[in-house]
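> how would this look folded up:
(one chain, ligands or ions: 3)
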Amino acid sequence: MTNLYPDDSYTLHTDAYQINMIQTYFQQGIANKHAVFEVFFRDMPFHNGYAVYAGLEHVVHYIQKLHFSQTDIDYLREAENYPEEFLTYLKNFKFTGSIRSAVEGELVYAHEPILQVEGPLADCQLVETAILNILNYQTLIATKAARIRSVAGNDALMEFGTRRAQEFDAAIWGTRAAYIGGFDATSNVRAGKLFGIPISGTHAHSLIQTYGDDYQAFKAYAETHHDCVFLVDTYDTLRSGVPNAIKVAQEMGDRINFQGVRIDSGDMAYLSKRVRQKLDEAGFPDAKIYASNDLDEKTIQSLKMQDAKIDVWGIGTKLITAFDQPALGAVYKMVAIADDEGQLKPTIKLSNNAEKVTTPGKKQVWRITKKTDGKTEGDYVSLVDEDPQNEEALYMFHPSYTYISKTVTDFNARPILQPIFADGKLVYKLPSLSAVRDRCRGALANLWPEYKRDLNPQKYPVDLSQKCWDQKMAIIKQIHSYVQKMPE
Ligand SMILES: Nc1ncnc2c1ncn2[C@@H]1O[C@H](COP(=O)(O)OP(=O)(O)OP(=O)(O)O)[C@@H](O)[C@H]1O
Ligand SMILES: O=P(O)(O)OC[C@H]1O[C@H](OP(=O)(O)OP(=O)(O)O)[C@H](O)[C@@H]1O
Ligand SMILES: O=C(O)c1cccnc1
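Numbering: from 1, shown residues only. Ligands and ions are numbered 1, 2, ... in the order given. Coordinates of the predicted model:
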């Protein structure tokens, strides 16, 4: 049976190896050694040209509540038999690190830091797992939602995924991420209460099955609700569902707001056209046609090409589970660590796979836009002490194929990583969810269409500054010559 603790928290929502490492650092006297870690992902989700950053608000809640409760300590003692002095250290633990991050709704790209944690080594290590858990999921769902929005045009998009989501938290934070990416409403009532997302709902087939008849069911619903959308596919969409929906709408007249009908099966291109015709002929040209059933950006695009007469799209499974790409794959890597004199030194993780070699040093990401049209030229990843805003002309080159380069003039450089926590204190005012959603919409408007197309989008430039690149090469050389001296 599950143990339910009155003081349960998310502090133990971490991998055991983090606590094991913290124990080593503590017992070796280096738990407070200054360190910097950065989060980034290596591949664009869904082969998309951009990703929509989401999850920061949940990260903020998590960090604010971070402390080991008495039952956390009791559990660690019992499960792992940690030494008492280490448990006392954990009991007194307070997060004193600093976090800089992209803000929610911002567009982010592979191979650039999207969040940075700096501070005592132990603090940085403890939060890795939860931060990745949050950002990996929410950024994925916000991106999927934006892809769906990009094919839906101005049609209404409703999130219907809770019943298929990977449990409670995924449903709740997933629907919030979907809203950021451009959805309009959710069927999840708790998400409405928690986040202020508009809620929306029609009714299920069980209502019709309860009455055993479309007419009786629609009538009962209409007698008890003002706003009515009738689900018309339980027995036969064209012969029973739609005619009975029209009949009830006509009988009830102004006593209801007949918003439309929902189709949940069958050939939706064919059915929606026939349904539209019937609604129009009956004098309901404003009644909308809702569609649901395993939809995603591909089916919506196909239905639009078939000139389907669908106004509102209800999307569940394929959105909330990120059906075609279940993980973003963001990682959390150490980029700098203090030496014995307390000086922060860049550090690298090498790999035979060039893609997996990290970029050392504490960094900033600059979004470079042209002053003339506000359009994005690419991202420029610099060391933290560089400021491209002061440059007249910015030389940008591909970090692997360095001969691919351009010089940008007349540009603005905007720092993407913003201060969120400074020495453990929240220094960022969380924006409203609608402001976050607007930010996403605005960012997409400033992106060239070549990066937004669904199929084979252009690869968005994420370039390293010369200083950052030189430092990386120097460290790689240094390590190679050190390793070469070792016997095999
Ligand atoms: N005209 C169309 N063009 C492309 N895809 C469509 C079209 N009409 C429906 N679809 C999609 O085809 C799939 C049909 O799935 P499925 O066979 O499970 O549905 P169904 O048999 O109509 O309904 P159900 O089994 O849920 O009662 C769904 O993903 C649906 O969104
Ligand atoms: O297909 P999705 O994108 O996941 O959208 C959500 C689905 O959930 C409902 O079906 P379900 O069969 O669960 O219940 P129902 O009896 O109300 O149709 C709804 O009718 C949609 O088909
Ligand atoms: O309101 C709806 O129509 C709805 C809600 C959740 C899942 N499917 C449909």
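
> alpha carbons only for contacts and neighbour counts from here, please
Fine.

> Look up how far residue 477 lies from residue 484.
Per CA to CA, to the nearest Å, residue 484 is found 10 Å from residue 477.

> okay, those two: which has more neighbours?
Neighbours per residue, other CA atoms under 10 Å: of residue 484 and residue 477, the larger number sits with residue 477, 12 against 9.

> Go ahead and confirm residue 73 touches residue 87.
Yes - taking CA atoms under 8 Å as the definition, residue 73 is a contact partner of residue 87 at 6.4 Å.

> Identify each buried residue in stretch 274-285, please.
For stretch 274-285, burial by neighbour count (16 or more other CA atoms under 10 Å) applies to 274-276, 278-279, 284.

> scratch that, stretch 91-100 is what I was asking about
Residues of stretch 91-100 classed as buried: 94-100 (neighbour count, 16+ other CA under 10 Å).

> Mind checking which of these land in strands?
The strands, defined by DSSP state E, take in 98-100 from these.

> Which one of the residues you listed is nearest to residue 169?
Distance to residue 169 across those (CA to CA) is lowest for residue 99, with 23.4 Å.

> Tell me where the longest helix sits in this structure.
Longest helix in the chain by number of residues (criterion: DSSP state H): helix 121-152.

> need the residues of the protein near ligand 2, please.
160-161, 204-205, 264, 292-295, 315-318 (CA under 6 Å from any ligand atom).

> out of those residues, which are buried?
Buried among the residues of the chain next to ligand 2 (16+ other CA under 10 Å): 160-161, 205, 264, 292-293, 295, 315-318.

> Show me those residues that map onto strands.
Among these, the members falling in strands are 292, 315 (criterion: DSSP E).

> Of all the residues in the stretch 51-200 of the chain, which one is nearest ligand 2?
Nearest residue of the stretch 51-200 of the chain to ligand 2 (CA to the nearest ligand atom) works out as residue 160 at 5.1 Å.

> from the middle of its chain, how far away would the longest helix of the chain be?
Chain-centre distance of helix 121-152: 4 Å, with CA atoms, centre = their mean, to the nearest Å.

> hmm, which helix or strand of this structure has the shakiest average pLDDT?
Every helix and strand of the chain was ranked by mean pLDDT, DSSP states H and E. The lowest is helix 466-484, at a mean of 92.

> Hmm, residue 76 is touching residue 82, no?
Yes - in terms of CA under 8 Å, residue 76 counts as a neighbour of residue 82; the distance is 6.8 Å.

> What residue in the stretch 201-350 of the chain comes nearest to ligand 3?
The nearest approach of the stretch 201-350 of the chain to ligand 3 comes at residue 201, 3.2 Å away (CA to the nearest ligand atom).

> quick one, helices of the stretch 51-200 of the chain?
Using DSSP state H, counting those that start in this stretch, the helices of the stretch 51-200 of the chain run over residues 56-64, 70-80, 84-91, 121-152, 167-180, 189-195.

> Please apply the same query to the stretch 351-488 of the chain.
Listed in chain order, the helices of the stretch 351-488 of the chain (DSSP H, counting those that start in this stretch) span 433-445, 449-452, 466-484.

> in this structure, which residue is closest to the centre?
residue 139 (1.7 Å; CA atoms, centre = their mean).

> Quick check: pLDDT value at it.
Note for residue 139: predicted pLDDT of 99.

> What parts of the stretch 51-200 of the chain come near ligand 3?
Counting by CA under 6 Å from any ligand atom, the stretch 51-200 of the chain comes close to ligand 3 at 160, 187.

> Output the below-cut-off pLDDT ranges for the stretch 51-200 of the chain.
The stretch 51-200 of the chain contains no residues with pLDDT under 70.

> one step back: quick one: the residue nearest to the centre of the chain and residue 51 touch, right?
Yes - counting by CA under 8 Å, residue 139 does reach residue 51; the two are 7.0 Å apart.

> hmm, who's touching stretch 147-157?
Residues outside stretch 147-157 that contact it (CA atoms under 8 Å, 6 or more residues apart in numbering): 181-185, 296-297, 300-301, 311-315, 454.

> ok, now stretch 235-246?
214-215, 218, 230-234, 261, 263, 271, 274-275, 278-279, 282.

> Run through the residues that contact residue 384.
Residue 384 touches 362-364, counting by CA under 8 Å, 6+ apart.

> How much space separates residue 452 from residue 372?
21 Å.

> With residue 194 instead?
Residue 194 is 41 Å from residue 372, where distance means CA to CA.

> do the same with residue 6
Using CA to CA, residue 6 is found at 57 Å from residue 372.

> Check what pLDDT residue 398 gets.
Reading off the confidence values, residue 398 has pLDDT 94.

> How about the one 10 residues further on?
We have a pLDDT of 95 for residue 408.

> With that, I have no additional questions.
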